[in-house]
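Trainee: Give the three-dimensional model of this entry:
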Amino acid sequence: MVPRPLLRTLVILIAPIGISGCSLVIKDPISVLGRGHASGAATFSRAEAITELDTLARLIDRVHPDPYRFHPRAIVDAERRQLIETMPASLTRIELCLRLSRLVATIDDGHTGISCESLVRQEWEKAAKGSPPETQAIRVFGPFMRLDDQRHLIVQWPNVPGVASGDRVLTVNGQDADRLLAVWARELSHDTDAGRFAQVARNFRLQLAMHGISAPYRLTVAAPGAPSREVILQGEPVNYVFQPPTPPASAPAPIAAPTEKPAEVRTAFFNYRMARPGIGYMDFFSLIGDSLLSTSSSFTTAVAAMFRQVALDRPRVLIIDVRENGGGDDVIAEEFFRYLTEKPFRLLAGYRVKRSEEVRNAGKSMIRIPFRWMGLPLLVPDGRDYYIGKEGSLSSRRTRPIVARPRGEPFFDGPVCVLTGPHTYSAGAEFADAAKTFGLATIVGEETGGQPNSFGNPLPLPLKRSGLAVRIATATSERASGDVTDLKPVVPDIIVRATAADIRNGFDPVFERAVNNCPPRRIK
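Mentor: Okay, the predicted model is just below:
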């Protein structure tokens, strides 16, 4: 999951000055805001854990723009009391992190959370560097998992013998897999249950490690339409998480048949190619790019290059796949739609930000002295929203109008389908929401994991006692329609979900439905 960064708001404070060497003005934002490199091995007493829990609750109250939008304070407080009542005498950092994460997850905001999985990754990386695969003691769950249309855990890529793509995992080391999925999902921050469950499935190997379920893995699995069977997986050396195993030197390299590779546009935001004759396919995976200081100009250049290639390819249908788009800067997506429509549209109806001491200190600390004293945050509207006004208050609502953008050339006027799923999140979900709201494209697939009446601009803040880093949203946004009561995700025009049999056969029903049923559209 990739939230809309606070960095967009803070970095643009530098833009009006016209200084080419931005490094003179802005520090490395990641070093300033905290990396959260805390070992998972340390232990904490019950009293220390309760203190950290209470500190986290107060921090959310001060920084988050609307923490009780989906559940009243009484529900969140009840969860906090339950966590205190069941707090053990001592906890590891990972155990503490999971309990803190459960409290944060109660507010149902995916932009606010704690990444407990990073603690496991740090331990794995340390182990991988300390021992080669041949003598590695830490062994991890090999298969990559996903959910099917029934929300069951399904093997997507087996990676190891004994299981196959499409196998449903029924039990792991004697525990019911569906129950594990449901329990672990409640520890994860997200906008929707669909996104939460899908994320747990995707990171299933990390979830097993966090919850103390280790190799050998005794599984009960079942292929589609077949009886269950028992499988024991010894686990892969953790080294392979960071570097795939090297094939034996004696193994002959496969010889590929010579084929003419179609022209492809590869960028930091998306890749475009002709997937098959007449079908243009854009894998639109990010709205962040690889440079925080030039995201907008880089995206503009990338989109122009893509549509020049589209004009050469002349596809019958253009498919835009945002199933893996975790978000970024929603503003830059407006540039893309100029090449598809002359209709008025917007991605968001409006937004507000929460003023707090924490966000103001973070913004100032990112700017080097003496520029910090020049009032840089006040030069642009976003900066003034955060810095002018009483701490603890919300800024005035900034409205985004519905307007027609200048037509982009070369223009594409054919059918356009946008593919969505539970990993479509944040600005990715807003992109799909705008396409549906204003009839810019047909949406095909599953409901988005993010919901557009959401939050954003998360601020990473370290918890001093535990060293854990919590990110807290500082802005609230309104979906393209302006209906603040509509708290649903983006629901596709054509709903398609993959079955276990589809996964087993390597069949993508969402893509195929778009290829065969993408309707014409009105461009004005």
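
Trainee: Every contact and neighbour count from this point should use C-alpha atoms.
Mentor: Noted.

Trainee: now what about stretch 445-452, what contacts it?
Mentor: 110, 190-196, 419-426, 429-430, 433, 477-480, 487-492, 494-497, 510 (C-alpha atoms under 8 Å, 6 or more residues apart in numbering).

Trainee: In strands, which of those residues fall?
Mentor: 419-420, 477-479, 494-495 (DSSP state E).

Trainee: domain ranges for the protein?
Mentor: 6-117, 139-237, 264-354+394-452+489-517 (automatic domain parsing).

Trainee: ends of stretch 187-204, how far apart?
Mentor: 13 Å (C-alpha to C-alpha, to the nearest Å).

Trainee: can you pull out the strands in the stretch 101-250 of the chain?
Mentor: 113-114, 139-140, 144-147, 153-157, 168-172, 175-176, 217-222, 228-233, 236-237 (DSSP state E, counting those that start in this stretch).

Trainee: quick revisit: just tell me which of the domains of the chain ends up closest to residue 458.
Mentor: Evaluated with C-alpha to C-alpha, the domains of the chain place domain 6-117 nearest to residue 458, the distance being 5.5 Å.

Trainee: now that closest one: mean pLDDT?
Mentor: In this model, domain 6-117 has an average pLDDT of 79.

Trainee: Over to stretch 219-227?
Mentor: Here the average pLDDT along stretch 219-227 is 97.

Trainee: For that stretch, what is the distance to the chain centroid?
Mentor: Remark: stretch 219-227 is offset 31 Å from the chain centroid, using C-alpha atoms, centre = their mean, to the nearest Å.

Trainee: C-alpha coordinates for that stretch, CSV please?
Mentor: The C-alpha coordinates for stretch 219-227 follow below in CSV (Å, rounded to 0.1, in the frame of the first residue of the first chain):
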residue,chain,number,x,y,z
LEU,A,219,-1.0,-27.5,5.1
THR,A,220,-4.4,-28.8,4.1
VAL,A,221,-5.0,-27.7,0.5
ALA,A,222,-7.6,-28.5,-2.2
ALA,A,223,-7.4,-27.9,-5.9
PRO,A,224,-10.6,-26.6,-7.5
GLY,A,225,-13.3,-29.3,-7.5
ALA,A,226,-10.9,-31.8,-5.9
PRO,A,227,-10.7,-33.4,-2.4
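
Trainee: i'd like the first residue to be 403 from this point on
Mentor: All right, first residue 403 from here; so that's stretch 621-629.

Trainee: And that stretch, what's buried?
Mentor: Neighbour counts using 16 or more other C-alpha atoms under 10 Å place 621-626 of stretch 621-629 among the buried residues.

Trainee: still on that earlier bit, take the strands of the stretch 503-652 of the chain and write them to CSV, including distance to residue 751.
Mentor: Putting the strands of the stretch 503-652 of the chain into CSV (distance: least, C-alpha to C-alpha, whole Å) gives the following:
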stretch, distance to residue 751
strand 515-516, 25
strand 541-542, 45
strand 546-549, 33
strand 555-559, 37
strand 570-574, 42
strand 577-578, 44
strand 619-624, 47
strand 630-635, 50
strand 638-639, 48
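
Trainee: now, among the buried residues of stretch 621-629, which is nearest to residue 529?
Mentor: For the buried residues of stretch 621-629, the nearest to residue 529 is residue 621 (25.3 Å; C-alpha to C-alpha).

Trainee: if I pick the nearest residue to residue 671 once chain neighbours are set aside, what's in contact with it?
Mentor: Spatially, and ignoring its direct neighbours in sequence, residue 671 is nearest to residue 688 (4.8 Å; C-alpha to C-alpha, 6 or more residues apart in numbering). By C-alpha under 8 Å, 6+ apart, the residues touching residue 688 are 670-672, 726-730, 830.

Trainee: rerun at 6 Å
Mentor: 671, 727, 729 (C-alpha atoms under 6 Å, 6 or more residues apart in numbering).

Trainee: before we move on, the earlier item: tell me the two of the buried residues of stretch 621-629 that are most distant?
Mentor: Between any two of these (C-alpha to C-alpha), the greatest distance is 15.9 Å, for 621 and 626.

Trainee: okay, the ones in strands among the contacts of stretch 847-854 in TSV with pLDDT, distance to residue 577 and neighbour count next?
Mentor: Below are these laid out as TSV (pLDDT from 0 to 100; distance: C-alpha to C-alpha, whole Å; neighbours: other C-alpha atoms under 10 Å):
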residue	pLDDT	distance to residue 577	neighbour count
821	98	35	29
822	98	32	30
879	94	40	20
880	96	41	26
881	97	40	25
896	98	36	17
897	98	32	15
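
Trainee: before we move on, the earlier item: pull out the buried members of the contacts of stretch 847-854.
Mentor: 512, 592-598, 821-828, 831-832, 835, 879-882, 889, 891-894, 896, 898-899, 912.

Trainee: These in helices, which ones?
Mentor: Within the buried ones among the contacts of stretch 847-854, residues falling in helices by DSSP state H are 595-598, 831-832, 835, 912.

Trainee: could you dump the ones in strands among the contacts of stretch 847-854 to CSV with distance to residue 866?
Mentor: Shown next, in CSV, are these (distance: C-alpha to C-alpha, whole Å):
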residue, distance to residue 866
821, 42
822, 39
879, 30
880, 33
881, 36
896, 48
897, 46
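
Trainee: Among the residues you listed, which one sits closest to residue 798?
Mentor: Of the ones in strands among the contacts of stretch 847-854, the one sitting nearest to residue 798 (C-alpha to C-alpha) turns out to be residue 879, at 12.1 Å.

Trainee: Next up, the contacts around that closest one.
Mentor: By C-alpha under 6 Å, 6+ apart, the neighbours of residue 879 are 752-753, 855-857.

Trainee: Narrow those to just the buried residues.
Mentor: Neighbour counting by 16+ other C-alpha under 10 Å classes 752-753, 855-857 among these as buried.

Trainee: So, low pLDDT: which residues of the stretch 603-752 of the chain?
Mentor: Residue ranges of the stretch 603-752 of the chain with pLDDT under 70: 647-664, 692-696.

Trainee: and if we set it to 80?
Mentor: 646-664, 691-697 (pLDDT under 80).
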